[in-house]
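Chemist: Following is a predicted model, sequence given first.
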Amino acid sequence: MRFPLHITTDMIKHQIRHGLKGNTRYPFVLMLEPLYTCNLACLGCSVERHTGRIEDRLTLDECLQAADDSGAPVVSLCGGEPTIYPELKGLVEGIIARKRHIYLCTNGLLLDRTVYGVVAPHNRMTINIHLDGLKQTHDQVCDREGVFEKAIEMIREGKRLGYRITTNTTIFKETDLDEVEVLCRLLREHRVDGMLLSPGYQYASVESDFFLAREEIHQKFQRVLDLSKQYRLTSTPMFLEFAAGMREYPCSPWSTVTYTPQGWRGPCYLIGEKYYRTFEEFWQSVDWDYWESRQDPRCYNCKMHSGFEASVVRGLRNSPKDMLRMAIWNFLE
Ligand code: SF4
């Protein structure tokens, strides 16, 4: 199975529950940024994340309230670097007590100090380690020597201790897909439970030509589609075809909602046009019709899974063929 059965069944139950209420838009994933502080300053990350000031941190109660308010079955702990968050253990336990699933998104540097032996392995928690290439590339992206080797060491140790481990690789304009294939092979040897290869996005706040324009995304993801036949990628086949320019979807920005020390980010994970104090205010204020339509210039090059994987799920009801492919992909491959 691609994902553990309980994640799949929880997601299906979530959709049925909302379907019975007649809701067509609802969050699937909460991107929770407990703090902006990070122990790295990677290329392509917006600089305002590295302030390290105490007011750039959410309290544990605020984090758990956000999980309650969004109702999303999956909570992705990101940031900043969540393994720096002092109340991480309480946060993980609080989210698990709410019967949600956690993706702990980390650069891996502190796993042996703040997670392994501190937060017990649980079938509701996946550790998702960032790796943008092999040693030279990843250390260059992270702007620090040794980050790649530490991440690999932490993957090995995490698997030994019984944690569920996945990886997340951003495909940049400069990314060499031959190198990505070698990385996938290495990660398979380390028995990772899944690999996410996602297109980079041109953040308004990042002045860099690292990120991919639409045609370049299509070319790179044609190759990723080939890789998906050999390696355990976690993106759905329809999403990869979308990223490769072979099909179109509207966006579903409401499917992935983001809570940060500044409040609820709207309209989407990528665009922080405005921050809202309460979930209700955020949910009612964002013009979802406008952002679904992708008519905003900032949406033109966007192929982010956070906006489109839910669109894939929405599209299944119109295509029995896609539904069958999805079932085979999840349950049998
Ligand atoms: S297309 Fe991308 S940038 Fe635009 S709303 Fe969707 S996720 Fe956000």
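Modeler: Cool, got the structure.
Chemist: Flag the shaky bits of this protein, pLDDT-wise.
Modeler: Within the chain, the ranges that satisfy pLDDT under 70 run 46-55, 202-212.
Chemist: ranges for the helices of it?
Modeler: For the chain, the helices defined by DSSP state H cover 5-21, 60-70, 88-97, 111-114, 135-142, 147-161, 177-189, 214-228, 237-243, 279-285, 288-292, 305-316, 320-327.
Chemist: For the nearest residue to residue 39 once chain neighbours are set aside, which residues are in contact?
Modeler: Of all residues not flanking residue 39 in the chain, residue 81 sits nearest, at 5.4 Å (CB to CB, 6 or more residues apart in numbering). Quick note: C-beta positions are derived from backbone N, CA and C, even for glycine. Each residue near residue 81 by CB atoms under 8 Å, 6 or more residues apart in numbering is listed here: 35, 37, 38, 39, 40, 106, 107, 109, 110.
Chemist: Next to the ligand, which bits of this structure? Give me the list.
Modeler: Residues of the chain lying near the ligand by CB under 6 Å from any ligand atom: 251, 253, 267-268, 270-271, 291, 294, 298-299, 302, 304, 306-307.
Chemist: Among these, which one has the most neighbours?
Modeler: The residue in the residues of the chain next to the ligand with the most neighbours, by other CB atoms under 10 Å, is residue 253 (29 neighbours).
Chemist: tell me the contacts of that one?
Modeler: Neighbours of residue 253 in contact, by CB under 8 Å, 6+ apart: 267, 268, 269, 286, 288, 291, 292, 307.
Chemist: Ok, residue 290 next?
Modeler: By CB under 8 Å, 6+ apart, the contact list for residue 290 reads residue 296.
Chemist: just curious, which of the contacts of residue 253 is nearest to residue 29?
Modeler: Closest approach between the contacts of residue 253 and residue 29, by CB to CB: residue 269, at 8.9 Å.
Chemist: From residue 285, how far off is residue 140?
Modeler: Counting by CB to CB, to the nearest Å, the separation of residue 140 from residue 285 is 40 Å.
Chemist: quick one: which of the two has more around it?
Modeler: Between residue 140 and residue 285, counted using other CB under 10 Å, the more crowded position is residue 140 (17 against 12).
Chemist: Count the neighbours of the residue nearest to that one when sequence neighbours are not counted for me.
Modeler: Using CB to CB, 6+ apart and skipping the chain neighbours, the partner closest in space to residue 140 is residue 43 (7.6 Å). Residues contacting residue 43 under the criterion other CB under 10 Å number 13.
Chemist: cool, and residue 258?
Modeler: Around residue 258 there are 26 residues (other CB under 10 Å).
Chemist: With residue 328 instead?
Modeler: Counted with other CB under 10 Å, the neighbours of residue 328 add up to 11.
Chemist: residues near residue 39, how many?
Modeler: 15.
Chemist: Residue 110 now?
Modeler: Residue 110: 18 surrounding residues under other CB under 10 Å.
Chemist: Relative to the ligand, how far out is it?
Modeler: Applying CB to the nearest ligand atom, to the nearest Å, the value for residue 110 to the ligand is 29 Å.
Chemist: so who does the nearest residue to that residue once chain neighbours are set aside touch?
Modeler: Closest residue to residue 110 apart from its sequence neighbours, by CB to CB, 6+ apart: residue 83 at 4.2 Å. For residue 83, the contacting residues are 104, 106, 109, 110, 111, 113, 114, 115, by CB under 8 Å, 6+ apart.
Chemist: how close does the residue nearest to residue 312 when sequence neighbours are not counted get to residue 308?
Modeler: Distances taken as CB to CB, 6+ apart put residue 238 closest to residue 312, at 4.5 Å, once the chain neighbours are dropped. Using CB to CB, one gets 9 Å for the distance from residue 238 to residue 308.
Chemist: neighbour count winner among those two?
Modeler: Between residue 238 and residue 308, counting by other CB under 10 Å, residue 308 is the more crowded of the two (28 against 23).
Chemist: OK, contacts around that one?
Modeler: 239, 242, 249, 251, 252.
Chemist: Can you flag the buried ones in the contacts of residue 83?
Modeler: The neighbour-count test (16 or more other CB atoms under 10 Å) applied to the contacts of residue 83 identifies 104, 106, 109, 110, 111, 114, 115 as buried.
Chemist: Excluding chain neighbours, what is closest to the fifth one?
Modeler: In this case it means residue 111. Per CB to CB, 6+ apart, closest to residue 111 is residue 154, 4.4 Å.
Chemist: How many residues are close by the one you found?
Modeler: As a burial measure, residue 154 scores 23 neighbours (other CB under 10 Å).
Chemist: Then residue 11?
Modeler: Residue 11 has 16 neighbours, counted by other CB under 10 Å.
Chemist: Going forward, count from 636.
Modeler: In the new count, where the first residue is 636, that last one comes out as residue 646.
Chemist: got the contact list for it?
Modeler: Residue 646 makes contacts with 663, 708, 709, as judged by CB under 8 Å, 6+ apart.
Chemist: quick one, longest strand in the protein?
Modeler: Counting residues, the longest strand found in the chain (DSSP state E) is strand 799-806.
Chemist: now whichever residue of the stretch 686-835 of the chain sits closest to the ligand, which residues is it bridged with?
Modeler: Proximity of the stretch 686-835 of the chain to the ligand (CB to the nearest ligand atom) peaks at residue 834, 10.4 Å away. Residue 834 has the following beta-bridge partners by DSSP bridges: residue 806.
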